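>>> Need the 3D shape of this:
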Amino acid sequence: MKIIQTDAAPKAIGPYSQAVEVNGFVFVSGQIPLDPETGQLVDGDIKNQTRRVFENIKAILAAAGCDLSNVVKVTVFTDDISNFSAINEVYSEYFSTHKPARSFVEVSALPRNAHVEIEVIAAKGAKT
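Next up, the predicted model:
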């Protein structure tokens, strides 16, 4: 098992790793819209926040030696299901032709009162 850590993404805000690689799979911990430089939530609407989350995920995947084309599963958490369309719009910017399996879940609250959290699983040997 290999722990993945990069300064290009926010530091973990609890006792966990940004990602863990095992047997060719990279498990990226849920990312909320934190600015990696300040550690604070980014300003803006749900689209801006979702873009920040994906940029954080991209940085972590790069540190693991892969990218979004290696992603096989995505889980999206939001504190308001009415964000579904706006999150999907941004999601489509990052996953246009490559469409990994996905779950989309409304939850009662997220860390630091974020409105979106996304986790991914990537397979290093798989690319679209």
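>>> Would you map the helices across the protein?
Secondary structure of the chain (DSSP state H): helices at 46-63, 84-94.
>>> Pick the most deeply packed of these.
Mean neighbour count (mean count of other CB atoms under 10 Å) peaks for helix 46-63 among the helices of the chain, with a mean of 20. Every C-beta, even on glycine, is put in place using the N, C-alpha and C of the backbone.
>>> Return the list of helices and strands in contact with it.
If you count contacts as 3 or more CB pairs under 8 Å, 6 or more residues apart in numbering; DSSP states H and E, helix 46-63 packs onto strand 19-22, strand 25-31, helix 84-94, strand 116-123.
>>> before we move on, back to that, would you mind giving the helices of the chain as a markdown table with mean pLDDT and distance to residue 16 added?
Listed next are those as a markdown table, based on pLDDT from 0 to 100; distance: least, CB to CB, whole Å:
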| stretch | mean pLDDT | distance to residue 16 |
| --- | --- | --- |
| helix 46-63 | 98 | 12 |
| helix 84-94 | 98 | 23 |
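>>> Next, format these as JSON lines and append distance to residue 32.
Listed next are the helices of the chain as JSON lines, based on distance: least, CB to CB, whole Å:
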{"stretch": "helix 46-63", "distance to residue 32": "7"}
{"stretch": "helix 84-94", "distance to residue 32": "13"}
